[in-house]
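A.B. asks: okay, sequence plus prediction incoming.
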Amino acid sequence: RDLLSQKEVLGYQLGSFGVWVDALVKLIEALGGEVEMNAAVDRIVSENAKLKVETIGGSAHTFDAVLATISNKALLRIAPRFGEEYTGRLKSVAYQDAVCLVLSLRRPLTGHYWLSINDRSVPFLTVVEQTNLVAPERYGGRHVVYIPNDVTRGSSLGQMTEGELAASYMPHLRRMNPQFDESWVEGRWLFHASDAQPVFTLGVGSRLAGHRTPVRGLYLANMAQIYPQDRGQNYSILLGERAAAMIGEDLSRDEMPPPSGLDPIPAPFPPE
């Protein structure tokens, strides 16, 4: 918020959130922690009141507590069996995948930073022109446009190549700016993310999975638990604080508490 007026203002972390993440990694290491990257987890095993995390690469680490921040679907693949009711809660949340086409243009597409598209004839949801927020000079004079989309797994949009998706989008970009021409495009990149958007259906608030799973020492904190808010970095931070406080409280006891049935449904996040 603006310090004087207290009105909400839009800001951007120069260098992206990667700058913040790099600083966080350095802080963790300075406090004696270790960050292991590019180590896909194969499974989590509960044994002797501890949790062993085994990676696809063959390494294994044992912990008193493990916090999973992956999707419900991914957790079900790698975790011990939870029991019918908690598993049902995890499965009650559907997901969509994210597809994002990024364009580098010779000139601006529009005069707007963010356009939300509410037209079923247009095959994407949003057009974000980053260089209408951060000056093009920060990007070598180029104009950067993000076209994000949420798609159902197996849909035609989710399976298109970069060229196919760009070709399907171009006519609709001309609807936003009739002068737009494909010759403006200097570069393009396509990014995918599986299970990026939880889909909250009617009554989901009473079916959310708790942060404490039925497995002793295994916790869950993910985007499916920020109901009724939408995904975002701000709610990720709040969710992390909530989970850290819970784990810290449990670890401060003489021993980790045993699972006691289902953990309470997470309290709804109020709007910021």
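C.D. replies: Received the coordinates, thanks.

A.B. asks: hey, where'd the helices end up in the protein?
C.D. replies: Ranges of helices in the chain, per DSSP state H, are 17-30, 72-78, 84-91, 156-159, 162-176, 233-251.

A.B. asks: mind putting these into JSON lines with distance to I44, mean neighbour count and mean pLDDT?
C.D. replies: (Glycine included, C-beta is placed from N, CA and C.) Shown next, in JSON lines, are the helices of the chain (distance: least, C-beta to C-beta, whole Å; neighbours: other C-beta atoms under 10 Å; pLDDT from 0 to 100):
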{"stretch": "helix 17-30", "distance to I44": "21", "mean neighbour count": "11", "mean pLDDT": "94"}
{"stretch": "helix 72-78", "distance to I44": "6", "mean neighbour count": "17", "mean pLDDT": "97"}
{"stretch": "helix 84-91", "distance to I44": "14", "mean neighbour count": "16", "mean pLDDT": "95"}
{"stretch": "helix 156-159", "distance to I44": "29", "mean neighbour count": "15", "mean pLDDT": "94"}
{"stretch": "helix 162-176", "distance to I44": "35", "mean neighbour count": "15", "mean pLDDT": "97"}
{"stretch": "helix 233-251", "distance to I44": "15", "mean neighbour count": "14", "mean pLDDT": "92"}
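
A.B. asks: figure out which of these is closest to A39.
C.D. replies: helix 72-78 (12.7 Å; C-beta to C-beta).

A.B. asks: separation between A23 and Q13?
C.D. replies: Distance of A23 to Q13, given as C-beta to C-beta, to the nearest Å: 11 Å.

A.B. asks: next, the contact list for the spatially most central residue of the chain, please.
C.D. replies: Nearest to the mean C-alpha position of the chain, by C-alpha atoms, centre = their mean, lies A196 at 5.5 Å. By C-beta atoms under 8 Å, 6 or more residues apart in numbering, A196 lies in contact with 95-98, 150, 231.

A.B. asks: 6 Å - rerun?
C.D. replies: A196 sits next to A98 when contact means C-beta atoms under 6 Å, 6 or more residues apart in numbering.

A.B. asks: tell me which of the helices of the chain lies nearest to L133.
C.D. replies: helix 17-30 (14.7 Å).

A.B. asks: list of residues touching that closest one?
C.D. replies: Contacts for helix 17-30 (C-beta under 6 Å, 6+ apart): 13, 35.

A.B. asks: hmm, try it at 8 Å
C.D. replies: Helix 17-30 has contacts (C-beta under 8 Å, 6+ apart) with 13, 34-35, 233.

A.B. asks: fine by me, thanks again.
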